[in-house]
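[1] predicted model, plus sequence, below.
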Amino acid sequence: MEILPPDLQSYLDNHCDPEPAALQTINRETYLKVLKPPKE
């Protein structure tokens with residue numbers, strides 16, 4: 001499912017840097033610990 005129009009997505013792909021590894025790690029930890037907390 002595409003959220004953005006193709007021309008806007010193309011512009012962003014050409015003008016934005018990929019997400020750094022450290023930020024990927026933070027995002028993953030946040031998702032696991034905050035958005036989907038472990039069941040107790």
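    Sure thing, it's come through.

[2] from here on, contacts and neighbour counts on C-alpha atoms
    Will do.

[3] where does pLDDT dip in the chain?
    The model of the chain has pLDDT under 70 over residues 1, 36-38, 40.

[4] redo that, cut-off 50
    Judged against pLDDT under 50, the chain has no low-scoring part.

[5] can you pull out the helices in it?
    6-15, 21-30 (DSSP state H).

[6] dump those helices to JSON lines, plus mean neighbour count.
    Below are the helices of the chain laid out as JSON lines (neighbours: other Cα atoms under 10 Å):
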{"stretch": "helix 6-15", "mean neighbour count": "10"}
{"stretch": "helix 21-30", "mean neighbour count": "11"}
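
[7] dump those to CSV, plus distance to residue 39.
    Listed next are the helices of the chain as CSV, based on distance: least, Cα to Cα, whole Å:
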stretch, distance to residue 39
helix 6-15, 37
helix 21-30, 16
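
[8] distance from stretch 8-21 to the middle of the chain?
    Offset of stretch 8-21 from its chain centre (Cα atoms, centre = their mean, to the nearest Å): 11 Å.

[9] cool, and stretch 4-24?
    Chain-centre distance of stretch 4-24: 10 Å, with Cα atoms, centre = their mean.
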